[in-house]
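> Here is my input, please return the structure:
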Amino acid sequence: MSANARPDTDKCEARVEKLKLQRSEWELGSQLGEGGFGRVFEACSLEGELAVVKLIPKEPGAERELLFKGNGAPNVVPIIDSGEHDDAWVIVMPRAERPLDAYLRDSGGVLSVDETVAVLRDIAIALEGLDGGVVHRDLKPANILFLDGHWCLADFGLARYADAATATHTWKGAGTRPYMAPEVWRNERATTATDIYSVGVIAHQLLTGDLPFRGPKVSDYHDQHLHTLPPALTGVPTRLAALVEECLLKPPQARPTPANMLAKLDRMVQQPLAGGLAVLAAADRGEVVRKAEEHRRRSEYRTEQERREDLVRAAESLLSRFSDACLTAFAEAAPTGRLDRGKDGGWTFELGQAGLAFSYARTAAPEVWSNGTRPPFDIIAYAAMSLRLKEASAYQGRSHSLWYCDAQVQGEYRWFETAFMTTPLMAQGSAIEPFALLPDSAARGAVGPGIDVRQVAWPFMPLEVAEPEEFIDRWASWLAAGSQGRLGRPSQMPERPIQGTWRRS
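Numbers count the residues shown, from 1 in each chain. Predicted coordinates:
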C-alpha cells in the first residue's frame, strides 16, 4: 500500500498510542515485527496517511538509521517523519506492500530469471544512487521492500557514509552472516563493493532457492566467505550467471560497480545473446570462474598469513614475559653477575667462567620447516637458551631450542623447550651437547619417524610462562656449576625420557 493511501476511519480510531514528531502526529497500531535495531508498528497520521513507525532504542550508533532523512536516493524507502519518544529514536516510513523474503516464500522459494533481473535492476539503481555516499552494509531479502512498483532498500541500521574514515561506533564486523562480504569478516572498511557482494548472495538465492554459503556455525560462515567458491549456477543464462559470480568475487576491487552492474542487466533485457556471441559469453564466464578460483587461493593465503602474524605477536609477548622473569631471578640470586641486554630483546648473563644467553623470538619460515613435505607439527617462532663455558676445550656447554609450535596437540600453540644430539653411532660428538637447532631440514630429520644423524635429546617440555620456577632452577644449577668450572658433558643422552612428547608425521 502506498504512502498516500487513506485507511478507513475505524482503523485510525482504533489506534490509541500517539507520537508527536517533527512533521505530524502519529497513532500506533499493531506491531509488525522486529527490524534491524528496533520494533516496527503500523501507524496512521492525523491526516489519515498509513505508514510504519520504527522505534529504535537509543543505544550507541542506533541513530545511523536517521542517515536517510531527506536522502532522496532512488529505490530507497524514504523517511517521511522522525523524532524522539522516551528512550527511542523514531522514524516513519511509507507502508510497503511486502518484503522480498516474503515474496520469495510465496513464490515457492525461487524466482524466474526475468523476475530476478528486475529485482537486481532495482537494487542496482538504488546502489548507484548511493554510490560514493552511503554503504548499506546489511543487504538481505528482509531489507528489500516492494514500494510503489519498485524493490527498494530499507533498514539502514548498519549504514555508514562511504567517505567516513572513522566513527565512534562503526559496527565493524556486524551484519547478517550468510550475506557478509569477506572484508567484513576481516573487520575491514566497508565500501559499495561490500553491498555488491551481498547482492550476489541475494541473486544466487533468488535463482536457486538456496544460499551460496550455508554455515551453519559462525566459523563455517567465516571460512566459506573467505575461502570457498560459491556453487556454480546451472540452468541460468550465461551472462547473468557470470554477473552473479563476479559479484561474489573475494577481493572487493574485482567486483562490478553499481553502474557497471546496471549496464550489464540492461543489456540482458535489451539484447539477448545468440549464436557466436552466446559462445563468446560462455568463454567469458569461464574466465570469471578462473579468476574466482585465483582470488579464492589468494584469500586463503592471506588469511593464513594473518593467522601466523597474530601467532607471532602472541609468541613474542609470551617469550618476553618469560625471559624477563628468568633474568630477574638470575640477577637477584647472583648480583655480581654481568648483564648485557641486546637491542633485539635478548640478553646474556655472565658469572665466573660461564655465561647464559637467552635469544629473542624469530619468526619461523614455514617453507623451510616443511622442506617440501608435510611437517609433523607447525612452528611459528623460535629462540634458544644456551650456556657457554669461557675456558673450555673439548666440551663448551649446552644449548636448548625454544619453539612456539603445536608440538603436542594440533592447533594448540605454546612455547616448548627441547634439545638435540648427534646420533651415538657417530664416532665424535659435538662440543656443545645437547644443542639447539633452528626449525629447518636438520631439525625435521631429528623429529621425523626415521633414524637420522641428529636426534631429540630433551623432551618437548612446555614453558610455563606463569610458573617458570622449574626452568629457572634447572638453568641456575647449570650456570652455578659452569661458573665454577664443574659443568661436564651429560653422562647419558637423552637425559630424560623423550618418547611421546611430540607429534610425529
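
> Please settle this for me: is residue 500 part of a strand?
No: with DSSP: H, G, I helix; E, B strand; the rest coil as the criterion, residue 500 is located in coil rather than a strand.

> Would you list the phi and psi of it?
Backbone torsions for residue 500, taken as degrees, to the nearest 10, come to phi 80, psi 10.

> next one: residue 152
Main-chain torsions, residue 152, degrees, to the nearest 10: phi -120, psi 150.

> Report the beta-bridge partner residues of it.
residue 145 (DSSP bridges).

> how about residue 76, phi and psi?
Backbone torsions of residue 76, given as degrees, to the nearest 10, read phi -120, psi 130.

> got the buried residues for stretch 450-460?
Going by neighbour count (16 or more other C-beta atoms under 10 Å), the buried part of stretch 450-460 is 452, 454, 455, 456, 457, 458, 459, 460. Where C-beta positions appear, they are placed from N, C-alpha and C, glycine not excepted.

> what's it in contact with?
Residues outside stretch 450-460 that contact it (C-beta atoms under 8 Å, 6 or more residues apart in numbering): 400, 407-408, 416-423, 426, 433-434, 437, 442-443, 445-447, 493-498, 501-502.

> so what's the spatially most central residue of the chain up against?
Nearest to the geometric centre of the chain sits residue 186, at 3.7 Å (C-alpha atoms, centre = their mean). Each residue near residue 186 by C-beta under 8 Å, 6+ apart is listed here: 226, 306.

> re earlier: narrow the contacts of stretch 450-460 to just the buried residues.
For the contacts of stretch 450-460, buried by 16+ other C-beta under 10 Å: 400, 407, 416-422, 433-434, 437, 443, 445-447, 493-494, 498, 501-502.

> Tell me, please, where in the stretch 201-350 of the chain the pLDDT is lower than the cut-off.
Residues of the stretch 201-350 of the chain that meet the criterion pLDDT under 70 lie in 270-275, 277-285, 288.

> For it, which segments count as helices?
Along the stretch 201-350 of the chain, counting by DSSP state H, counting those that start in this stretch, helices occupy 218-227, 238-247, 258-270, 275-333.

> Residue 156: which of the ones you listed is closest?
Closest of the helices of the stretch 201-350 of the chain to residue 156 is helix 258-270, at 16.1 Å (criterion: C-beta to C-beta).

> Let's see that closest one as PDB, backbone CA atoms only.
Provided in PDB are the C-alpha atoms of helix 258-270 (Å, rounded to 0.1, in the frame of the first residue of the first chain):
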ATOM      1  CA  PRO A 258      26.600  -0.500  -9.300                       C
ATOM      2  CA  ALA A 259      26.700   1.400 -12.600                       C
ATOM      3  CA  ASN A 260      28.500  -1.500 -14.300                       C
ATOM      4  CA  MET A 261      26.100  -4.000 -12.900                       C
ATOM      5  CA  LEU A 262      23.100  -1.900 -14.000                       C
ATOM      6  CA  ALA A 263      24.500  -1.600 -17.500                       C
ATOM      7  CA  LYS A 264      25.000  -5.400 -17.800                       C
ATOM      8  CA  LEU A 265      21.500  -6.100 -16.500                       C
ATOM      9  CA  ASP A 266      20.100  -3.600 -19.100                       C
ATOM     10  CA  ARG A 267      21.900  -5.400 -21.900                       C
ATOM     11  CA  MET A 268      20.500  -8.700 -20.800                       C
ATOM     12  CA  VAL A 269      17.000  -7.300 -21.100                       C
ATOM     13  CA  GLN A 270      17.500  -5.500 -24.400                       C
END
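
> in that helix, what's buried?
Using 16+ other C-beta under 10 Å as the test for burial, helix 258-270 gives 258, 261, 262, 264, 265, 268.

> I'd like the residues you listed as a markdown table, with distance to residue 248 appended.
Shown next, in a markdown table, are the buried residues of helix 258-270 (distance: C-beta to C-beta, whole Å):
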| residue | distance to residue 248 |
| --- | --- |
| 258 | 16 |
| 261 | 12 |
| 262 | 18 |
| 264 | 15 |
| 265 | 16 |
| 268 | 18 |
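
> Go through those residues and name the one nearest residue 374.
residue 261 (42.7 Å).

> got the contact list for the closest one?
120, 124, 127, 196, 199, 243, 247.

> Any of the residues you listed buried? List them.
Buried by 16+ other C-beta under 10 Å: 120, 124, 127, 196, 199, 243, 247, out of the contacts of residue 261.

> Let me know the closest of the residues you listed to residue 81.
Of all the buried ones among the contacts of residue 261, residue 81 sits closest to residue 127, with 25.3 Å by C-beta to C-beta.

> Return the distance of that closest one relative to residue 153.
From residue 127 across to residue 153, the span is 8 Å (C-beta to C-beta, to the nearest Å).

> what's the next secondary structure element after the helix or strand bottoming out on mean pLDDT in the chain?
None of the helices or strands of the chain scores lower by mean pLDDT, DSSP states H and E than helix 9-14, at a mean of 40. As assigned by DSSP states H and E, the chain's next helix or strand after helix 9-14 is strand 18-20.

> What is that following strand packed up against?
In terms of contacts (3 or more C-beta pairs under 8 Å, 6 or more residues apart in numbering; DSSP states H and E), strand 18-20 is packed against strand 25-35, strand 81-85.

> hmm, who's touching the longest one?
With C-beta under 8 Å, 6+ apart as the contact definition, strand 25-35 has outside contacts at 11-12, 14-20, 39-46, 51-54, 81, 92, 142, 154-155.
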